[in-house]
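>>> predicted model and sequence follow; I will ask about them next.
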Amino acid sequence: MATAAHGGEHEATTTGLNHRKMLMWAFLGSDCMFFGSLIATYLVYKGKSKGGPQPIDVFDIPVTSVSTFVLLMSSMSMVLAYSALTRGSLKGFRIWIASTAIMGMTFLAFQVFEFNDFVNYEVHFKCEEVGTGSLTEFEESFSDRCVDGVDEVDGIHDSEGNNLTGLTPKTNLFGTTFFTLTGFHGAHVTLGVIWLLSIFFYSFRRGRVTPERHLDVDLAALYWHFVDVVWIVIFTVVYLFGVFEGF
Amino acid sequence: MPKLKRRHLIALPALASLAVLASCTPSNPQSTFDALGPVAESQLLLFQVIFWAGVVVFVIVMAALIYISVRYRAREGDGDPEQIHGHKGMEIGWSIAPAVVLLIVAPWTIYTIFANENSPLPPEEGGLVVEATGHQWWFEFRYKVQDRVSEEVVTANELHIPVGEPVNVDLVSKDVIHSFWVPKLAGKVDMVPNNDNGLWMQADEAGVYAGQCAEFCGVSHANMRFTVIAQPPDEFDAWLREQAAPAAEPTEATPLIRLGHDVFVTRFGRETPADEDVQGAGCNACHRIEGTSARGTSGPDLTHFASRATFAAGSMDNTAEYLRSWLHSPEEMKPGNVMSRDGEVFNSPTGLTEVQISALIAFLRSLE
Amino acid sequence: MTMPSLAIPRPVHPTGVWGWVTTIDHKRIGILYGVTAFVLFVIGGVEALVMRAQLVQAELDVVSPEMFNQLFTMHGTTMIFLAIMPMGAAFFNYVIPLQIGARDVAFPRLNAFSYWTFLAGAIMLNGSWFLGGAPNAGWFGYAPITGAAYNPGHGIDFWIMSLQILGIASLAAAFNFIVTILNMRAPGMTLMRMPLFTWMTLITAFLLVLAFPVITVALIELMFDRFFGTNFFVPGAGANPILWQHLFWVFGHPEVYILILPAMGIVSEVLPTFSKKPLFGYPVVVLSGLIIGFMGWMVWSHHMFTVGLGPIANSVFTITTMAIAVPTGIKIFNWLGTMWKGSITFSTPMLFSLGFITVFTIGGISGVMHSQAASDAQQQDTYFIVAHIHYVLFGGSIFALIAGIYYWFPKFTGRMYDELGGKITFWLVFAGMNLTFFPMHFTGLDGMPRRIYTYDSAMGWEFWNLTSTAGAALLAVGIAALIYNVVSGWVRGKQAPGDPWDARTLEWSMSSPPPEYNFAEIPTVTEVDDWWASKRRKDAAPVIAGASEDEGHSIHLPQPSYWPLVVSVGLLIGGYGLIYHYAVAAIGLAVSMVGVYAWSFEPVNDPDEGSGH
């Protein structure tokens, strides 16, 4: 009776569910609580910032929509990668898993640019708009710059020329909670990209990634879809609710 | 043998339970068993009900445990006992019984929660309101202008209230979380930065009630105490009037008192107007004395310092000897205190000189 | 492009210290957990003794206030995270696979990783004593006193990093036990045939998985405040310090059940064995455990009755907290029902279990007292709470864990402890525990706040403090007796049979200690307490499987591995790096990554290393 105690791909389990798959589900349950707590923190502090830029000042919904779309598409290509593998097409698998990783990296690039944008955010408004209701509260707070002879405020700088209106994690509660929440999501995506690339390169070793050993890919896919779903929540709660009134 | 042991097992906690009421000495300054105001009384009553219910439950459990242990102890020649897997009736019974007990208690406790939350005489209806601020490690009490208070009064570590009237206390913190607790008058409520907390309390008898910070707040948490002084209403009003007045010019301002004043209000290291050989200590950077040029706000207001029974957050009697030790080495008397940490004079190698200390004591003790 | 070859050979049957370092045998890891946790329990106890010395009289100066604050912080954190939780983990590790009829846990290397990571967390926390001072803000570290503004220095940083590392260890262990229990049961062992200890462990593992991420987030936020100047808990920026309390207690209350449910599981094993009767109302006891686990998420704010949440919130949490007393009460009554009409032997494990029922009942009742938000205002943050927490955590968890130590001692060591010594130990510990903590009810009701390093003699607290300190000394003697009893039994106890207690569950169906492969043949289970029943079956009385020379050669066991240790070491280096220098953190990350990769590519069973010895 030389049954291995564990480890084999097709070992018999009490529930019929593979050990690693069950572990992955437990981990994702745990990760739900992780993101749940971060999102809860964000919501508790929403609108509680003292000064500094607000969501309405910095968010660019069209741009973030594009990166969201890219991430959603990556989930689809992940599905195609998995299906190619189970159909036995290693080539198709490589193409699709590489494209998934590339789309993941594209999303990360968007995030880096976005963070950079926010850190360097400068207020711009025409003085004639002051008091008309078209300016945000943050912009309005610089209305005292509109003295005689000034018809436009173009950034606020200190004597050394440093931008004083950027949004960093230190600026206000919005910056603190926003960067932490989306940063941790970005870290999850980064980890996912590393994982996908590892499988991609590993697939070039003979017999390492095969239709029979599809579980390795299945687990990565599960993780990837989870990270994607979390982003949909973040995009809705943070971005859309942050900009559109009435949410 | 097991019989004896079972008895020992019960004896200790059972005796101890009975001893509870006898052991908590109501005469102790912070005993919750000597409730002298309606809030503390309602809390004590609720506690006693739950306590006795708990004693009954405990006695039942212990009686069952002892009876079963004695009755069903293994005897020689015992075979396997019957393998009973359960008994529906019994299980349902002991699931429902505790629930019923708790259902009986619940309305009472909820009533008490709301009663203690809502002051019978809120500020809108003319009730007295005092703002209590927690600092590391002392309490500040501010009587803002209201019906009863014609001029703002600020004091430290001694809260005066009128007897027999509900008093509303707004709870504020300037740094970390503290908790305001006067056991004989009311249970505690925390002072949390950015949260508007409050409580109400009432003293039924005139007297001095001990209070203490109940939320860990740093090095000198143990020394963060205060007293509540409940006075007949007319005495209380008189006290308010006295406190509202600026520090009275001492009728017999001795040279030493004047020197003390100058040491107090002269910047650290500068020579004082009164005596060029004595330097200022710069106490005014943090302390305020109404009627002088001392306008600091980060430390306790000392306008009527001599009228207080204690100082250093209620941890020392206000005597010349304690004051001397305090000014000599505050860090030893109240570890971690901000004065010895941030006060320029206490960071200098010399500290306060004997001359300065004597002058300051004379001055402070003149602040009736 | 191909992956670099990571085919470093797995260690082959190492012996001695190296054997323990690379082991992935659940039984050895269980012993590592148990011994380490016990050492840390003693350290936490010494910290408590110093505090008791400081408080024995009014206005003493045994330690400085700053030192006192570090002592109570370290005592609480150590006892909860480094003593009780890992002692529970020790029993999970050793006992669960044996109880469910498995040869090991689902992920043996992950199991080793959990242990080494726990050890890394313990080093990180206790190392703070030698690196500029221990954390000093209490075990629940309420913001903003943990913030950089009020708490410069590295004490809090060590606290944060160690709890994060311990969180990783606990999560890894919890994942492992969920999969092990759900997926590796012997044929026929349905959920409702599982031993109670296994059940309670399963619930505990789910609580861990869901509760730990919450404190992880809270600690991350605090860490970012301290390291990067964010504003999560900075009142000046508009932050609300109550957020910390919510996050902490949303974790912290399930944590209480993480500490007590395994203890209840142990007692639910010991009582049937020494009463020779099945657990009374098995389904109800399981269900009440599930209800406790579920309701544990709805009561967290009862730790916050005095922070000003308002009367409605306080009323709601009063009700839910009272409600959770019902399933707890059901358990106590069912334990009594188990003994009822039994044939009771008062061996040491049984004595500790009865002690557990007695003392835990007191703790439960004082818990119901705290559930009354109105009167709790007089008890919150006083010694009454200190008394309560010790009645449930010492009288509850620790008593049950000691019962477990004695109960499974023959199984762990293959030797018997000295029964008289065990009984003496029980009475010393029982008397010491009550003498120490019962008077704290009085000092608390007399108005003594917790966490004060000194008090005024006029307060009238001296007598009961003196009593508590005397009790603490007695308790220390009791723990010393326990250590003596266990060590002497381990070294020179007489040989233990496989089933010394005529017990009921599968771990007793094999020799003591069990062979490396646990079960020569995986049993088939047909009912609750299958082992007891099979012993009574007239036709086929089973033989206790021994570790005979030729048996088990055909059983393929996983090989030892270095990599779990490497990943844990990487985490430890990374933790120090975050505190001192980010370059070091990068090194730690790199070490961990190398470990993870090597681990991933390490064959589970080295094909060249055959199944034979």
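Right, received. Where do you want to start? Bear in mind the structure is a predicted one, so any value in this text is a computation, not a measurement.
>>> now do the contacts for A:Cys127.
Shown in contact with A:Cys127 (CB atoms under 8 Å, 6 or more residues apart in numbering or on different chains): A:143, A:146, A:150-153. Where you see a C-beta, it was placed from the backbone N, CA and C, and this is true even at glycine.
>>> need those in JSON lines (columns: distance to chain B and neighbour count).
JSON lines is the format used below for the contacts of A:Cys127 (distance: CB to the nearest CB, whole Å; neighbours: other CB atoms under 10 Å in any protein chain shown):
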{"residue": "A:Ser143", "distance to chain B": "28", "neighbour count": "14"}
{"residue": "A:Cys146", "distance to chain B": "33", "neighbour count": "18"}
{"residue": "A:Val150", "distance to chain B": "36", "neighbour count": "10"}
{"residue": "A:Asp151", "distance to chain B": "39", "neighbour count": "9"}
{"residue": "A:Glu152", "distance to chain B": "37", "neighbour count": "12"}
{"residue": "A:Val153", "distance to chain B": "31", "neighbour count": "21"}
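>>> got the phi and psi for the residue in the stretch 201-350 of chain B that chain C sits nearest to?
Per CB to the nearest CB, B:Ala222 is where the stretch 201-350 of chain B lies closest to chain C, at 3.5 Å. Dihedral pair for B:Ala222: phi -60, psi -20, per degrees, to the nearest 10.
>>> just give me the neighbour total for it.
23 (other CB atoms under 10 Å in any protein chain shown).
>>> next: the one 10 residues further on.
The number of residues packed around B:Pro232, counting by other CB under 10 Å, is 12.
>>> does it touch B:Glu165 like I think?
No. When contacts are counted by CB atoms under 8 Å, B:Pro232 is not listed as touching B:Glu165 (10.4 Å).
>>> so is the closest residue to the residue of the stretch 201-350 of chain B closest to chain C other than its chain neighbours in a helix, a strand, or just coil?
Spatial nearest neighbour of B:Ala222, excluding adjacent residues (CB to CB, 6 or more residues apart in numbering or on different chains): C:Ile452 at 3.5 Å. Classification of C:Ile452 by DSSP: H, G, I helix; E, B strand; the rest coil places it in coil.
>>> same thing with A:Val153?
Quick answer, by three-state DSSP: A:Val153 is strand.
>>> got the confidence number for the residue nearest to it when sequence neighbours are not counted?
The shortest distance from A:Val153 to any non-neighbouring residue, by CB to CB, 6+ apart, is to A:Arg145 (4.8 Å). What the model reports for A:Arg145 is a pLDDT of 87.
>>> A:Arg145 and A:Asp151, how far apart?
From A:Arg145 over to A:Asp151 the distance is 11 Å, taken as CB to CB, to the nearest Å.
>>> how is the residue of the stretch 1-150 of chain B found nearest chain A assigned, secondary-structure-wise?
The nearest approach of the stretch 1-150 of chain B to chain A comes at B:Thr133, 20.5 Å away (CB to the nearest CB). Three-state call for B:Thr133 (three-state DSSP): strand.
>>> ok, it to B:Phe141 distance?
8 Å.
>>> go on, C:Phe251?
In terms of CB to CB, C:Phe251 sits 37 Å off from B:Phe141.
>>> more crowded one of these two?
Neighbours were counted for C:Phe251 and for B:Phe141 using other CB under 10 Å; C:Phe251 has more, 26 against 21.
>>> now do the contacts for the more buried one.
Taking CB under 8 Å, 6+ apart as the test, what C:Phe251 contacts is C:211-212, C:214-215, C:218.
>>> please name the nearest non-neighbouring residue to B:Pro193.
Closest to B:Pro193 by CB to CB, 6+ apart is C:Pro235, at 3.6 Å.
>>> what about the one you found, how many neighbours?
Per other CB under 10 Å, the neighbour tally for C:Pro235 reads 22.
>>> same deal with A:Ala187?
11.
>>> could you check how far it is from chain C?
11 Å (CB to the nearest CB, to the nearest Å).
>>> try B:Asn194
5 Å.
>>> so who does the nearest residue to that residue once chain neighbours are set aside touch?
Using CB to CB, 6+ apart and skipping the chain neighbours, the partner closest in space to B:Asn194 is C:Pro235 (5.0 Å). If you count contacts by CB under 8 Å, 6+ apart, C:Pro235 has them with B:193-194, C:144, C:241.
>>> mind redoing it with 10 Å?
C:Pro235 sits next to B:173-177, B:192-195, C:143-144, C:147, C:149, C:241 when contact means CB atoms under 10 Å, 6 or more residues apart in numbering or on different chains.
>>> returning to that earlier point: the residue of the stretch 201-350 of chain B closest to chain C and B:Ser27: what is the separation?
From B:Ala222 to B:Ser27 the distance is 22 Å (CB to CB).
>>> for chain B, what's its nearest residue on chain A.
Closest point on chain A to chain B, by CB to the nearest CB, is A:Lys48, at 9.3 Å.
>>> helix, strand or coil: sort out that residue for me.
Strictly by three-state DSSP, A:Lys48 counts as coil.
>>> what separates the worst-scoring helix or strand of chain A on mean pLDDT from the chain centre, distance-wise?
Here the helix or strand of chain A ranked lowest by mean pLDDT, DSSP states H and E is strand A:152-154, holding a mean of 87. The chain centre lies 33 Å from the centre of strand A:152-154; the measure is CA atoms, centre = their mean, to the nearest Å.
>>> anything in the helix or strand where C:Gly127 lies near chain A?
If you go by DSSP states H and E, C:Gly127 is part of helix C:108-127. Yes. Judged by CB under 10 Å from any CB of the partner chain, helix C:108-127 comes into contact with chain A at C:108-110.
>>> in those residues, which residue is surrounded by the most others?
C:Pro108 (27 neighbours).
>>> wait, doesn't that one sit right on C:Asn176?
Yes. Between C:Pro108 and C:Asn176 there is a contact under CB atoms under 10 Å: 8.8 Å.
>>> mind listing the shared neighbours of those two?
With CB under 10 Å, 6+ apart, C:Pro108 and C:Asn176 have common neighbours C:His26.
>>> pLDDT below threshold where in chain A?
Residues of chain A meeting the criterion pLDDT under 70: A:1-11, A:246-247.
>>> tell me where it has helices.
Listed in chain order, the helices found in chain A under DSSP state H are A:19-44, A:55-58, A:61-87, A:90-119, A:137-140, A:173-202, A:215-234, A:241-243.
>>> ok, the residue of the stretch 251-400 of chain C found nearest chain B - contacts?
Relative to chain B, the nearest point of the stretch 251-400 of chain C is C:Ala377 (2.4 Å; CB to the nearest CB). Contact partners of C:Ala377, counting by CB under 10 Å, 6+ apart, are B:32, B:39-40, B:43, B:112-113, B:116, B:179, B:181, B:183, B:186-189, B:199, B:214, C:305-306, C:314.
>>> any idea how far it is from C:Gly308?
From C:Ala377 to C:Gly308 the distance is 11 Å (CB to CB).
>>> what sits in contact with each of the two?
B:189, B:199, C:314.
>>> can you put those in JSON lines and add secondary structure and pLDDT?
Formatted as JSON lines, the shared contacts of C:Ala377 and C:Gly308 follow (DSSP: H, G, I helix; E, B strand; the rest coil; pLDDT from 0 to 100):
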{"residue": "B:Val189", "secondary structure": "strand", "pLDDT": "97"}
{"residue": "B:Leu199", "secondary structure": "strand", "pLDDT": "95"}
{"residue": "C:Asn314", "secondary structure": "helix", "pLDDT": "95"}
